[in-house]
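>>> kindly return the folded structure for what I paste below:
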Amino acid sequence: MAFVLSVLVACGGSDAGSVSGTVHGAAVPVGDSISAAVMINTNQHAAAIAMSSTADACAEVTNRVTHPSEKVVVITVGDYANLTLTTPTAPGTYSIYQGGSVPPKAATLKVTFSDLNCADIANMDAKATSGTVTLTSVSGNAFDGTFDVVMDSTDHIKGSFHPMECPQIQSAIDNQGSAASCQP
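Next up, the predicted model:
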């Protein structure tokens, strides 16, 4: 069972979160973060959190805008039972899932990098292979928490997220195949 969220950008807040550590030697600053309960596919729902190096993320997701040299952390968390993934309704600790048996509390985390033309730099992208994501607060479409993960790049990163609610994340998932506009 795979979580798919490849195209997300940021939204506002004075303490959107932070990332401690580097990925492929690059820092991952957080300018904004957003979250929402989303449908990944039939019978599969999760909380999606996006932390971006740029500001105004919810508007950017709504308007399908990306930015040069943008860095994005995408986190998904879900409760798994009876072949169904559901959006968390309470705080809890979720294990990074990369295949095999799905844990009852499953999470994914991916960091993506874009170049000066907003194209993905695939050799810089990294996925978490182990670790945890902890939800500390769940309120509507706002999912606050922390993470402590090891990436497939062998980097170890930790951080926190305090996103603004942004239900428009669902449209980014639904329209993954369509191109976004690159704006400085």
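
>>> switch to C-alpha atoms for all contacts and neighbour counts from now on
Will do.

>>> what about the nearest residue to residue 47 once chain neighbours are set aside, how many residues close to it?
Using C-alpha to C-alpha, 6 or more residues apart in numbering and skipping the chain neighbours, the partner closest in space to residue 47 is residue 37 (4.5 Å). Neighbourhood size, residue 37 [other C-alpha atoms under 10 Å]: 26.

>>> quick check: residue 37 touching residue 44?
No. If you go by C-alpha atoms under 8 Å, residue 37 and residue 44 don't touch, sitting 10.9 Å apart.

>>> hey, what's in contact with both of the two?
Between them, residue 37 and residue 44 share no contacting residue under C-alpha atoms under 8 Å, 6 or more residues apart in numbering.

>>> need the contact list for the residue nearest to residue 47.
Listed by C-alpha under 8 Å, 6+ apart, the contact set of residue 37 reads 45-48, 87, 141, 167.

>>> now do residue 93
Contacts of residue 93 were listed using C-alpha under 8 Å, 6+ apart, and they are 105, 132-135.

>>> mind doing that once more with 7 Å?
132-135 (C-alpha atoms under 7 Å, 6 or more residues apart in numbering).

>>> so which of these wins on neighbours?
residue 133 (26 neighbours).

>>> ok now the helix or strand harbouring residue 78, how far from the chain's centre?
Per DSSP states H and E, residue 78 falls inside strand 71-81. Strand 71-81 sits 6 Å away from the centroid of its parent chain (C-alpha atoms, centre = their mean, to the nearest Å).

>>> what does stretch 52-66 give?
On C-alpha atoms, centre = their mean, the centre of stretch 52-66 falls 13 Å from the chain's centre.

>>> what distance separates the start and the end of it?
One end of stretch 52-66 sits 10 Å from the other (C-alpha to C-alpha, to the nearest Å).

>>> in the lowest-mean-pLDDT helix or strand in the chain, which residues are buried?
None of the helices or strands of the chain scores lower by mean pLDDT, DSSP states H and E than helix 169-174, at a mean of 81. Neighbour counts using 16 or more other C-alpha atoms under 10 Å place 169-170, 172-173 of helix 169-174 among the buried residues.

>>> got the CA positions of it in CSV?
The C-alpha coordinates for helix 169-174 follow below in CSV (Å, rounded to 0.1, in the frame of the first residue of the first chain):
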residue,chain,number,x,y,z
ILE,A,169,-4.4,19.7,-0.7
GLN,A,170,-7.0,17.2,-2.0
SER,A,171,-7.0,19.0,-5.4
ALA,A,172,-3.1,18.7,-5.6
ILE,A,173,-3.5,14.9,-5.1
ASP,A,174,-6.3,14.6,-7.6
